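Visitor: missing the sequence, but the structure's below:
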(Lines give C-alpha, C1' and ligand atoms only; values in the text may rest on other atoms or scores of the structure.)
Protein backbone atom coordinates (compact mmCIF):
# COMPACT_ATOMS: atom_id res chain seq x y z
CA UNK A 1 0.00 0.00 0.00
CA UNK A 2 1.55 3.37 -1.00
CA UNK A 3 2.63 5.63 1.84
CA UNK A 4 0.99 9.00 2.40
CA UNK A 5 4.37 10.72 2.53
CA UNK A 6 7.93 10.11 1.31
CA UNK A 7 11.43 11.51 1.05
CA UNK A 8 12.77 11.43 -2.52
CA UNK A 9 16.49 11.67 -3.26
CA UNK A 10 18.27 12.16 -6.58
CA UNK A 11 21.99 11.83 -5.94
CA UNK A 12 24.16 14.77 -7.01
CA UNK A 13 27.87 15.59 -6.97
CA UNK A 14 29.61 17.53 -4.20
CA UNK A 15 33.28 18.36 -4.57
CA UNK A 16 34.24 19.01 -0.95
CA UNK A 17 33.36 17.92 2.58
CA UNK A 18 33.49 14.65 4.54
CA UNK A 19 33.14 11.47 2.51
CA UNK A 20 29.66 10.59 3.82
CA UNK A 21 28.39 14.10 3.06
CA UNK A 22 29.76 14.02 -0.49
CA UNK A 23 28.27 10.59 -1.08
CA UNK A 24 24.80 11.64 0.13
CA UNK A 25 24.53 15.07 -1.44
CA UNK A 26 21.21 15.11 -3.27
CA UNK A 27 18.27 16.90 -4.74
CA UNK A 28 16.01 16.05 -1.82
CA UNK A 29 12.25 16.43 -1.79
CA UNK A 30 9.73 15.74 0.97
CA UNK A 31 6.11 15.26 -0.10
CA UNK A 32 2.85 14.41 1.62
CA UNK A 33 -0.60 13.92 0.09
CA UNK A 34 0.75 14.98 -3.33
CA UNK A 35 2.10 18.28 -1.99
CA UNK A 36 5.81 19.08 -2.04
CA UNK A 37 6.76 20.37 1.41
CA UNK A 38 10.16 21.41 0.07
CA UNK A 39 9.02 23.50 -2.88
CA UNK A 40 10.79 26.80 -3.27
CA UNK A 41 12.40 29.36 -5.55
CA UNK A 42 15.98 28.76 -6.63
CA UNK A 43 17.44 32.24 -7.15
CA UNK A 44 20.59 30.95 -8.86
CA UNK A 45 18.69 28.91 -11.44
CA UNK A 46 15.79 31.40 -11.49
CA UNK A 47 13.15 28.66 -11.27
CA UNK A 48 10.97 26.69 -8.90
CA UNK A 49 12.35 23.48 -7.41
CA UNK A 50 10.49 20.75 -5.55
CA UNK A 51 13.78 19.15 -4.51
CA UNK A 52 16.42 21.58 -3.23
CA UNK A 53 20.06 20.53 -2.92
CA UNK A 54 20.55 19.18 0.60
CA UNK A 55 22.47 16.58 2.57
CA UNK A 56 20.53 13.33 2.86
CA UNK A 57 23.20 12.16 5.27
CA UNK A 58 22.61 15.00 7.75
CA UNK A 59 18.83 14.60 7.51
CA UNK A 60 19.10 10.85 8.16
CA UNK A 61 21.46 11.43 11.07
CA UNK A 62 19.10 13.98 12.66
CA UNK A 63 15.95 11.89 12.07
CA UNK A 64 17.52 8.70 13.47
CA UNK A 65 18.80 10.46 16.58
CA UNK A 66 15.40 12.10 17.21
CA UNK A 67 13.32 9.12 16.05
CA UNK A 68 11.68 8.40 19.40
CA UNK A 69 10.68 12.01 19.98
CA UNK A 70 9.45 12.49 16.42
CA UNK A 71 7.38 9.32 16.73
CA UNK A 72 5.84 9.88 20.16
CA UNK A 73 6.37 13.37 21.61
CA UNK A 74 3.37 15.71 21.11
CA UNK A 75 3.48 19.46 20.64
CA UNK A 76 5.10 21.04 23.67
CA UNK A 77 6.05 24.41 25.17
CA UNK A 78 9.44 23.15 26.37
CA UNK A 79 12.32 25.35 25.17
CA UNK A 80 14.40 22.50 23.72
CA UNK A 81 11.44 20.91 21.92
CA UNK A 82 12.15 22.63 18.60
CA UNK A 83 15.65 21.12 18.29
CA UNK A 84 14.12 17.66 17.95
CA UNK A 85 11.12 18.60 15.81
CA UNK A 86 12.14 21.38 13.42
CA UNK A 87 14.13 20.32 10.39
CA UNK A 88 15.71 23.78 10.14
CA UNK A 89 17.59 23.04 13.37
CA UNK A 90 19.87 20.61 11.48
CA UNK A 91 22.05 23.42 10.18
CA UNK A 92 25.45 22.26 8.85
CA UNK A 93 25.49 25.03 6.26
CA UNK A 94 22.36 23.98 4.33
CA UNK A 95 19.13 25.90 3.78
CA UNK A 96 16.67 23.46 5.32
CA UNK A 97 12.89 23.72 4.93
CA UNK A 98 10.84 25.41 7.64
CA UNK A 99 9.25 22.05 8.44
CA UNK A 100 8.00 20.98 11.86
CA UNK A 101 7.24 17.32 12.61
CA UNK A 102 5.43 15.96 15.67
CA UNK A 103 2.98 13.24 16.65
CA UNK A 104 0.00 12.74 18.91
CA UNK A 105 0.84 9.03 19.11
CA UNK A 106 -1.57 7.93 16.38
CA UNK A 107 -1.08 10.57 13.68
CA UNK A 108 1.94 12.62 12.67
CA UNK A 109 1.89 16.24 11.52
CA UNK A 110 4.24 17.68 8.94
CA UNK A 111 3.75 21.44 8.94
CA UNK A 112 5.62 23.36 6.24
CA UNK A 113 5.79 27.14 6.23
CA UNK A 114 7.33 29.54 3.78
CA UNK A 115 10.58 31.32 4.59
CA UNK A 116 11.27 35.03 4.34
CA UNK A 117 12.93 36.44 1.25
CA UNK A 118 16.39 37.67 2.18
CA UNK A 119 19.17 39.17 0.05
CA UNK A 120 21.99 36.77 -0.81
CA UNK A 121 19.85 33.74 0.08
CA UNK A 122 19.91 31.38 -2.94
CA UNK A 123 16.80 29.38 -2.01
CA UNK A 124 13.48 30.44 -0.48
CA UNK A 125 10.75 27.97 0.49
CA UNK A 126 7.29 29.08 -0.63
CA UNK A 127 4.96 26.31 0.59
CA UNK A 128 2.44 26.72 3.41
CA UNK A 129 0.80 23.36 4.00
CA UNK A 130 -0.11 21.14 6.94
CA UNK A 131 -0.22 17.40 6.30
CA UNK A 132 -1.30 14.67 8.68
CA UNK A 133 -0.26 11.07 8.06
CA UNK A 134 -0.77 7.87 10.07
CA UNK A 135 2.18 7.49 12.43
CA UNK A 136 2.78 3.99 11.07
CA UNK A 137 3.19 5.58 7.62
CA UNK A 138 5.63 8.05 9.12
CA UNK A 139 7.70 5.20 10.55
CA UNK A 140 7.73 3.32 7.27
CA UNK A 141 8.58 6.42 5.26
CA UNK A 142 11.58 7.16 7.46
CA UNK A 143 12.73 3.54 7.28
CA UNK A 144 12.61 3.69 3.48
CA UNK A 145 14.68 6.88 3.54
CA UNK A 146 17.19 5.35 5.96
CA UNK A 147 17.57 2.38 3.60
CA UNK A 148 18.30 4.71 0.67
CA UNK A 149 21.04 6.46 2.65
CA UNK A 150 22.54 3.19 3.93
CA UNK A 151 22.58 1.71 0.42
CA UNK A 152 24.20 4.84 -0.96
CA UNK A 153 26.91 4.78 1.71
CA UNK A 154 27.52 1.11 0.96
CA UNK A 155 27.68 1.62 -2.80
CA UNK A 156 30.20 4.43 -2.33
CA UNK A 157 32.28 2.25 0.03
CA UNK A 158 31.95 4.70 2.92
CA UNK A 159 33.22 3.12 6.15
CA UNK A 160 31.66 3.24 9.63
CA UNK A 161 30.05 6.60 10.40
CA UNK A 162 27.85 8.31 12.96
CA UNK A 163 24.55 7.68 11.18
CA UNK A 164 25.23 3.96 10.93
CA UNK A 165 26.01 3.85 14.66
CA UNK A 166 22.81 5.74 15.56
CA UNK A 167 20.72 3.56 13.23
CA UNK A 168 22.21 0.38 14.70
CA UNK A 169 21.24 1.48 18.22
CA UNK A 170 17.77 2.57 17.11
CA UNK A 171 17.09 -0.71 15.33
CA UNK A 172 18.04 -2.64 18.48
CA UNK A 173 15.84 -0.43 20.69
CA UNK A 174 12.85 -0.88 18.43
CA UNK A 175 13.27 -4.66 18.34
CA UNK A 176 13.23 -5.11 22.14
CA UNK A 177 9.77 -4.43 23.66
CA UNK A 178 11.00 -3.55 27.15
CA UNK A 179 13.63 -1.14 25.84
CA UNK A 180 11.15 0.34 23.37
CA UNK A 181 8.73 1.08 26.23
CA UNK A 182 11.49 2.94 28.08
CA UNK A 183 12.45 4.96 25.02
CA UNK A 184 8.81 5.88 24.43
CA UNK A 185 8.44 7.09 28.02
CA UNK A 186 11.63 9.15 27.67
CA UNK A 187 10.28 10.71 24.48
CA UNK A 188 6.97 11.57 26.14
CA UNK A 189 8.94 13.19 28.95
CA UNK A 190 10.70 15.29 26.32
CA UNK A 191 14.09 13.66 26.88
CA UNK A 192 16.77 12.24 24.62
CA UNK A 193 17.60 8.52 24.92
CA UNK A 194 19.26 7.75 28.26
CA UNK A 195 18.99 11.39 29.37
CA UNK A 196 15.85 11.24 31.53
CA UNK A 197 15.92 11.26 35.31
CA UNK A 198 16.22 7.59 36.40
CA UNK A 199 14.03 8.27 39.44
CA UNK A 200 11.19 9.57 37.28
CA UNK A 201 11.43 6.59 34.94
CA UNK A 202 11.36 4.27 37.93
CA UNK A 203 8.21 5.99 39.23
CA UNK A 204 6.48 5.66 35.88
CA UNK A 205 7.37 2.00 35.49
CA UNK A 206 6.14 1.23 39.01
CA UNK A 207 2.88 3.11 38.33
CA UNK A 208 2.38 1.22 35.06
CA UNK A 209 2.57 -2.07 36.95
CA UNK A 210 -0.29 -0.97 39.21
CA UNK A 211 -2.42 0.88 36.69
CA UNK A 212 -2.45 0.90 32.91
CA UNK A 213 0.66 1.68 30.85
CA UNK A 214 -1.31 3.84 28.40
CA UNK A 215 -2.59 6.02 31.26
CA UNK A 216 0.89 6.38 32.73
CA UNK A 217 2.17 7.48 29.33
CA UNK A 218 -0.38 10.30 29.48
CA UNK A 219 1.08 11.35 32.83
CA UNK A 220 4.54 11.35 31.26
CA UNK A 221 3.39 13.54 28.35
CA UNK A 222 2.24 16.20 30.83
CA UNK A 223 5.91 16.72 31.73
CA UNK A 224 6.43 18.70 28.52
CA UNK A 225 4.05 21.33 29.86
CA UNK A 226 5.90 21.75 33.11
CA UNK A 227 3.82 19.18 34.93
CA UNK A 228 5.16 17.01 37.71
CA UNK A 229 5.48 13.29 37.19
CA UNK A 230 3.46 11.91 40.07
CA UNK A 231 4.10 8.58 41.75
CA UNK A 232 1.22 6.28 42.69
CA UNK A 233 1.51 7.32 46.32
CA UNK A 234 1.28 11.00 45.35
CA UNK A 235 -1.73 10.43 43.08
CA UNK A 236 -3.57 8.67 45.89
CA UNK A 237 -2.65 11.38 48.40
CA UNK A 238 -3.91 14.13 46.08
CA UNK A 239 -7.08 12.15 45.44
CA UNK A 240 -7.62 11.81 49.19
CA UNK A 241 -7.02 15.49 49.94
CA UNK A 242 -8.58 17.20 46.91
CA UNK A 243 -10.80 14.62 45.28
CA UNK A 244 -14.47 13.76 45.45
CA UNK A 245 -16.04 10.39 46.10
CA UNK A 246 -16.97 8.61 42.90
CA UNK A 247 -18.94 5.45 42.23
CA UNK A 248 -17.37 3.92 39.09
CA UNK A 249 -20.17 1.40 38.72
CA UNK A 250 -22.82 4.13 38.36
CA UNK A 251 -21.01 6.11 35.64
CA UNK A 252 -22.86 6.12 32.32
CA UNK A 253 -21.28 4.14 29.49
CA UNK A 254 -22.06 3.62 25.84
CA UNK A 255 -24.17 0.51 25.39
CA UNK A 256 -22.57 -0.05 21.99
CA UNK A 257 -19.54 1.31 20.15
CA UNK A 258 -20.98 0.28 16.79
CA UNK A 259 -20.60 3.11 14.33
CA UNK A 260 -17.76 4.80 16.21
CA UNK A 261 -14.46 5.12 14.35
CA UNK A 262 -11.49 3.18 15.67
CA UNK A 263 -8.78 5.06 17.53
CA UNK A 264 -6.31 6.48 15.03
CA UNK A 265 -8.52 5.98 11.97
CA UNK A 266 -9.73 9.58 12.15
CA UNK A 267 -8.55 12.79 13.78
CA UNK A 268 -8.93 12.72 17.56
CA UNK A 269 -11.47 15.55 17.56
CA UNK A 270 -13.73 13.63 15.18
CA UNK A 271 -13.72 10.53 17.37
CA UNK A 272 -14.41 12.58 20.51
CA UNK A 273 -17.31 14.40 18.87
CA UNK A 274 -18.79 11.17 17.48
CA UNK A 275 -18.70 9.53 20.93
CA UNK A 276 -20.37 12.56 22.52
CA UNK A 277 -23.16 12.53 19.94
CA UNK A 278 -23.67 8.79 20.48
CA UNK A 279 -23.91 9.20 24.25
CA UNK A 280 -26.34 12.13 23.94
CA UNK A 281 -28.52 10.07 21.62
CA UNK A 282 -28.40 7.04 23.91
CA UNK A 283 -29.39 9.13 26.94
CA UNK A 284 -32.06 10.99 24.93
CA UNK A 285 -30.62 14.38 25.77
CA UNK A 286 -31.52 15.89 22.39
CA UNK A 287 -29.75 19.27 22.24
CA UNK A 288 -30.55 20.47 25.76
CA UNK A 289 -28.03 22.13 28.05
CA UNK A 290 -26.67 19.74 30.67
CA UNK A 291 -27.14 20.81 34.28
CA UNK A 292 -24.53 20.31 37.00
CA UNK A 293 -26.84 17.75 38.60
CA UNK A 294 -27.14 15.68 35.43
CA UNK A 295 -23.43 15.93 34.58
CA UNK A 296 -22.30 14.82 38.03
CA UNK A 297 -24.90 12.04 38.16
CA UNK A 298 -23.71 10.68 34.83
CA UNK A 299 -20.12 10.95 36.09
CA UNK A 300 -20.87 9.09 39.32
CA UNK A 301 -19.87 11.91 41.66
CA UNK A 302 -21.45 14.74 43.68
CA UNK A 303 -22.43 18.25 42.56
CA UNK A 304 -19.76 19.60 44.92
CA UNK A 305 -17.17 18.45 42.40
CA UNK A 306 -18.17 21.21 39.95
CA UNK A 307 -19.55 23.77 42.40
CA UNK A 308 -16.36 24.03 44.48
CA UNK A 309 -14.14 27.04 43.73
CA UNK A 310 -10.92 25.83 45.29
CA UNK A 311 -7.83 25.23 43.15
CA UNK A 312 -7.33 21.55 42.54
CA UNK A 313 -4.23 19.58 41.57
CA UNK A 314 -1.87 20.19 38.65
CA UNK A 315 -3.91 17.80 36.50
CA UNK A 316 -7.41 16.41 36.55
CA UNK A 317 -7.74 12.67 37.00
CA UNK A 318 -9.92 9.91 38.35
CA UNK A 319 -8.79 6.78 40.19
CA UNK A 320 -10.96 3.70 40.61
CA UNK A 321 -10.16 1.45 43.54
CA UNK A 322 -12.99 -0.97 42.76
CA UNK A 323 -16.43 -1.00 41.13
CA UNK A 324 -17.97 1.01 43.98
CA UNK A 325 -15.13 3.25 45.18
CA UNK A 326 -13.07 5.91 43.48
CA UNK A 327 -12.03 9.55 43.60
CA UNK A 328 -12.24 12.35 41.05
CA UNK A 329 -9.83 15.30 41.10
CA UNK A 330 -10.42 18.50 39.10
CA UNK A 331 -7.78 21.15 38.40
CA UNK A 332 -9.67 24.34 37.51
CA UNK A 333 -11.09 26.72 40.11
CA UNK A 334 -13.66 28.05 37.62
CA UNK A 335 -17.13 26.58 37.29
CA UNK A 336 -17.05 26.20 33.48
CA UNK A 337 -13.55 24.76 33.69
CA UNK A 338 -14.55 22.14 36.24
CA UNK A 339 -17.58 21.13 34.17
CA UNK A 340 -15.36 20.77 31.12
CA UNK A 341 -12.78 18.69 32.99
CA UNK A 342 -15.44 16.39 34.43
CA UNK A 343 -16.87 15.92 30.93
CA UNK A 344 -13.35 15.11 29.67
CA UNK A 345 -13.01 12.36 32.28
CA UNK A 346 -16.44 11.03 31.34
CA UNK A 347 -15.38 10.94 27.68
CA UNK A 348 -12.17 9.12 28.59
CA UNK A 349 -14.19 6.39 30.27
CA UNK A 350 -16.63 6.19 27.36
CA UNK A 351 -13.98 5.84 24.64
CA UNK A 352 -10.95 4.10 26.16
CA UNK A 353 -10.91 0.30 26.59
CA UNK A 354 -12.49 -1.16 29.70
CA UNK A 355 -10.19 -2.27 32.49
CA UNK A 356 -8.56 1.11 33.09
CA UNK A 357 -8.39 2.35 36.64
CA UNK A 358 -6.58 5.66 36.09
CA UNK A 359 -8.03 8.37 33.87
CA UNK A 360 -5.80 11.45 33.43
CA UNK A 361 -6.94 14.70 31.80
CA UNK A 362 -3.76 16.68 31.15
CA UNK A 363 -2.63 19.74 29.18
CA UNK A 364 -0.74 17.71 26.58
CA UNK A 365 -1.72 17.17 22.95
CA UNK A 366 -1.68 13.40 22.71
CA UNK A 367 -4.43 11.74 20.70
CA UNK A 368 -6.23 10.71 23.89
CA UNK A 369 -6.21 14.21 25.39
CA UNK A 370 -7.44 15.84 22.19
CA UNK A 371 -10.16 13.23 21.99
CA UNK A 372 -11.23 14.07 25.55
CA UNK A 373 -11.43 17.80 24.82
CA UNK A 374 -13.52 17.27 21.71
CA UNK A 375 -15.88 14.93 23.56
CA UNK A 376 -16.38 17.48 26.34
CA UNK A 377 -17.04 20.34 23.91
CA UNK A 378 -19.61 18.40 21.88
CA UNK A 379 -21.23 16.75 24.89
CA UNK A 380 -21.72 19.99 26.84
CA UNK A 381 -22.49 22.22 23.85
CA UNK A 382 -23.61 20.20 20.80
CA UNK A 383 -22.50 21.96 17.67
CA UNK A 384 -25.80 21.72 15.80
CA UNK A 385 -27.55 23.52 18.66
CA UNK A 386 -24.74 26.09 18.92
CA UNK A 387 -24.89 26.78 15.19
CA UNK A 388 -28.66 27.18 15.24
CA UNK A 389 -28.53 29.59 18.18
CA UNK A 390 -25.85 31.73 16.55
CA UNK A 391 -27.77 31.81 13.25
CA UNK A 392 -24.78 33.11 11.33
CA UNK A 393 -23.96 35.86 13.85
CA UNK A 394 -20.50 34.90 15.14
CA UNK A 395 -19.85 38.08 17.09
CA UNK A 396 -18.10 37.77 20.44
CA UNK A 397 -21.28 38.93 22.20
CA UNK A 398 -23.37 36.22 20.57
CA UNK A 399 -20.73 33.57 21.30
CA UNK A 400 -20.73 34.68 24.94
CA UNK A 401 -24.52 34.30 25.18
CA UNK A 402 -24.35 30.77 23.78
CA UNK A 403 -21.48 29.89 26.13
CA UNK A 404 -23.56 31.11 29.09
CA UNK A 405 -26.52 29.04 27.94
CA UNK A 406 -24.52 25.80 27.86
CA UNK A 407 -22.34 26.73 30.87
CA UNK A 408 -19.08 26.40 28.97
CA UNK A 409 -16.26 28.83 28.30
CA UNK A 410 -16.26 31.16 25.30
CA UNK A 411 -13.13 29.34 24.12
CA UNK A 412 -15.14 26.11 23.89
CA UNK A 413 -17.67 27.76 21.58
CA UNK A 414 -14.96 29.36 19.48
CA UNK A 415 -13.14 26.03 19.11
CA UNK A 416 -16.35 24.35 17.91
CA UNK A 417 -16.85 27.10 15.34
CA UNK A 418 -13.29 26.81 14.08
CA UNK A 419 -13.43 23.01 13.91
CA UNK A 420 -16.58 23.21 11.81
CA UNK A 421 -15.21 25.92 9.51
CA UNK A 422 -17.49 28.69 10.73
CA UNK A 423 -14.47 30.76 11.75
CA UNK A 424 -10.97 30.82 10.33
CA UNK A 425 -8.08 29.42 12.31
CA UNK A 426 -5.57 32.10 13.19
CA UNK A 427 -2.52 29.84 13.24
CA UNK A 428 -1.79 27.02 10.81
CA UNK A 429 -0.51 24.75 13.57
CA UNK A 430 -3.04 25.79 16.22
CA UNK A 431 -4.60 22.37 15.78
CA UNK A 432 -2.87 20.52 13.00
CA UNK A 433 -5.67 18.01 12.55
CA UNK A 434 -8.12 20.78 11.63
CA UNK A 435 -5.61 22.91 9.75
CA UNK A 436 -4.85 19.98 7.48
CA UNK A 437 -8.46 19.04 6.84
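Guide: Okay, I see it. Quick caveat: nothing in here was measured; it's all calculated off a predicted structure.
Visitor: Skip the chain neighbours and tell me the closest residue to the one residue sitting closest to the centre of the chain.
Guide: For the chain, the residue nearest the mean C-alpha position is residue 104 (2.5 Å; Cα atoms, centre = their mean). Excluding its sequence neighbours, the residue lying closest to residue 104 (Cβ to Cβ, 6 or more residues apart in numbering) is residue 367, at 4.2 Å. Every C-beta, even on glycine, is put in place using the N, C-alpha and C of the backbone.
Visitor: again with residue 305
Guide: Distances taken as Cβ to Cβ, 6+ apart put residue 244 closest to residue 305, at 4.3 Å, once the chain neighbours are dropped.
Visitor: Helices along the stretch 201-350 of the chain, start to end?
Guide: Along the stretch 201-350 of the chain, counting by DSSP state H, counting those that start in this stretch, helices occupy 213-221, 232-242, 268-282, 292-298, 304-307, 335-351.
Visitor: Next, format these as TSV and append mean pLDDT.
Guide: Shown next, in TSV, are these (pLDDT from 0 to 100):
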stretch	mean pLDDT
helix 213-221	94
helix 232-242	91
helix 268-282	96
helix 292-298	97
helix 304-307	93
helix 335-351	96
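Visitor: nearest to residue 176, of those?
Guide: Across the helices of the stretch 201-350 of the chain, residue 176 has its closest neighbour in helix 213-221 (15.9 Å, Cβ to Cβ).
Visitor: Wait, residue 133 touches residue 4, no?
Guide: Yes - proximity of residue 133 to residue 4 meets the contact threshold set by Cβ atoms under 8 Å, at 4.3 Å.
Visitor: what touches both of the two?
Guide: Shared contacts of residue 133 and residue 4, defined by Cβ atoms under 8 Å, 6 or more residues apart in numbering, are found at 32-33.
Visitor: ok, residue 384 to residue 402 distance?
Guide: 12 Å (Cβ to Cβ, to the nearest Å).
Visitor: Neighbour count: those two, which is higher?
Guide: Using other Cβ atoms under 10 Å, the more surrounded residue of residue 384 and residue 402 is residue 402, with 22 against 11.
Visitor: one step back: hang on, the residue nearest to residue 305 packs against residue 303?
Guide: No - in this structure, residue 244 is not within contact of residue 303 by Cβ under 8 Å, at 9.5 Å.
Visitor: Which one of these two is surrounded by more residues?
Guide: More neighbours surround residue 244 than the other of residue 244 and residue 303, with 23 against 15 (other Cβ under 10 Å).
Visitor: and the more buried one, bridged to which residues?
Guide: Beta-bridge partners for residue 244, by DSSP bridges, are residue 328.
Visitor: who's in contact with it?
Guide: Residue 244 sits next to 301-302, 304-305, 327-330 when contact means Cβ under 8 Å, 6+ apart.
Visitor: Would you tell me which helix is longest in this structure?
Guide: Ranked by number of residues, the top helix in the chain under DSSP state H is helix 135-155.
Visitor: so how far is the following helix or strand past that one from its chain's centroid?
Guide: Going down the chain from helix 135-155, the next helix or strand is helix 162-175, by DSSP states H and E. How far helix 162-175 lies from its chain's middle: 25 Å, per Cα atoms, centre = their mean, to the nearest Å.
Visitor: Could you list the residues in contact with the helix or strand following helix 162-175?
Guide: Next helix or strand after helix 162-175 toward the C-terminus (DSSP H and E): helix 177-188. The contact list for helix 177-188 (Cβ under 8 Å, 6+ apart) reads 68-69, 71-73, 172-174, 192-196, 201, 204-205, 213, 216-217, 220-221, 223-224.
Visitor: ok, now with 6 Å
Guide: 68-69, 72-73, 173-174, 193, 196, 204, 217, 220-221 (Cβ atoms under 6 Å, 6 or more residues apart in numbering).
Visitor: Please apply the same query to stretch 198-216.
Guide: For stretch 198-216, contacts defined as Cβ under 6 Å, 6+ apart pick out 185, 220, 229, 231-232, 356-358, 360.
Visitor: could I get those residues as CSV with neighbour count and distance to residue 110?
Guide: Listed next are these as CSV, based on neighbours: other Cβ atoms under 10 Å; distance: Cβ to Cβ, whole Å:
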residue, neighbour count, distance to residue 110
185, 26, 24
220, 31, 24
229, 20, 29
231, 17, 36
232, 17, 37
356, 15, 31
357, 15, 36
358, 21, 32
360, 31, 28
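Visitor: burial of residue 127, as a residue count?
Guide: Per other Cβ under 10 Å, the neighbour tally for residue 127 reads 19.
Visitor: Give me the below-cutoff pLDDT ranges for the stretch 101-250 of the chain.
Guide: Scanning the stretch 101-250 of the chain for pLDDT under 70 picks out nothing.
Visitor: which residue sits closest to residue 89, ignoring its sequence neighbours?
Guide: Closest residue in space to residue 89, ignoring its immediate chain neighbours: residue 83 at 4.9 Å, by Cβ to Cβ, 6+ apart.
Visitor: quick one: what helix or strand has that neighbour in it?
Guide: helix 81-85.
Visitor: Report the inter-axis angle for whichever helix or strand comes after that helix versus helix 177-188.
Guide: Per DSSP H and E, the first helix or strand lying C-terminal to helix 81-85 is strand 98-103. On the basis of axes from the mean of the first three to the mean of the last three Cα atoms, to 10 degrees, strand 98-103 is oriented at 130 degrees to helix 177-188.
Visitor: in its sheet, what does the very next helix or strand once past strand 98-103 sit against?
Guide: Downstream of strand 98-103, the next assigned helix or strand under DSSP H and E is strand 107-113. When pairs are called by DSSP bridges, strand 107-113 turns out to pair with strand 98-103 (antiparallel), strand 129-134 (antiparallel).
Visitor: Dump these to JSON lines, plus distance to residue 153.
Guide: Shown next, in JSON lines, are those (distance: least, Cβ to Cβ, whole Å):
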{"stretch": "strand 98-103", "distance to residue 153": "23"}
{"stretch": "strand 129-134", "distance to residue 153": "27"}
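Visitor: Let me know which of those strands is the nearest to residue 30.
Guide: Counting by Cβ to Cβ, residue 30 lies closest to strand 98-103 out of these; the figure is 6.9 Å.
Visitor: For the closest one, which outside residues touch it?
Guide: Against strand 98-103 from outside (Cβ under 6 Å, 6+ apart): 37, 70-71, 75, 85-88, 109-113, 115, 125, 135.
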